[in-house]
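Undergrad: fold the following.
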Amino acid sequence: MVEAAAVPETFFTVWTNLFDRGGCKAGDTVLIHGGTSGIGTTAIQLAAAWGAKVYATAGSADKARFCERLGAARGIDYHNEDFVSVVREATGGRGVDLILDIVGASYLTRNFEAAAVEGRIVVISLMSGRRPTSI
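TA: Residues are numbered from 1 along each chain as shown. Presented below is the predicted three-dimensional model:
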């Protein structure tokens, strides 16, 4: 029962934050941080199935490729690539429509840089803290 409870927990969390709060819709470009976490893997699959173009950060090249196998258009190895540069280049400088962030403070400024004008940023965890070092 405990293991079975993990499935709806991730799906409910992703649905509430990606679709209800974030307004994800077909045609959106979406950046998902923590692409190989439970929330990340669920978010990639749901957003892609919904018709969004998904980018996802992960901690290695292998994990980035795994995100792509789940449906991300591009996995980003955050140790060796700058996610802002990658999404800006991939979107022709426009940025992404929606960011789902589990990292928090250390990504805040860069999330603003990666977001399109009127883009949405949904922060659901503060793994790096709640206060950014710069804005």
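Undergrad: only C-alpha atoms from now on, for both contacts and neighbour counts.
TA: Noted.
Undergrad: next up, phi/psi of the residue nearest the centre of the chain, please.
TA: When Cα atoms, centre = their mean is applied to the chain, the residue found nearest the centroid is Ile32 (0.7 Å). Backbone torsions for Ile32, taken as degrees, to the nearest 10, come to phi -120, psi 120.
Undergrad: got a list of what it touches?
TA: Contacts for Ile32 (Cα atoms under 8 Å, 6 or more residues apart in numbering) come out as Gly40, Ala43, Ile44, Val54, Tyr55, Ala56, Thr57, Ile99, Leu100, Asp101.
Undergrad: name the helices or strands packed onto the helix or strand hosting the fourth one?
TA: Remark: Val54 resides in strand 53-58, with elements defined by DSSP states H and E. Packed against strand 53-58, as judged by 3 or more Cα pairs under 8 Å, 6 or more residues apart in numbering; DSSP states H and E, are the following elements: strand 29-32, helix 38-50, helix 61-70, strand 74-77.
Undergrad: mean neighbour count, the ones you listed: which tops it?
TA: Neighbour counts (mean count of other Cα atoms under 10 Å) averaged over each of the helices and strands packed on strand 53-58 peak at strand 29-32, with a mean of 30.
Undergrad: so Val87 belongs to a strand, correct?
TA: No: going by DSSP: H, G, I helix; E, B strand; the rest coil, the assignment for Val87 is helix, not a strand.
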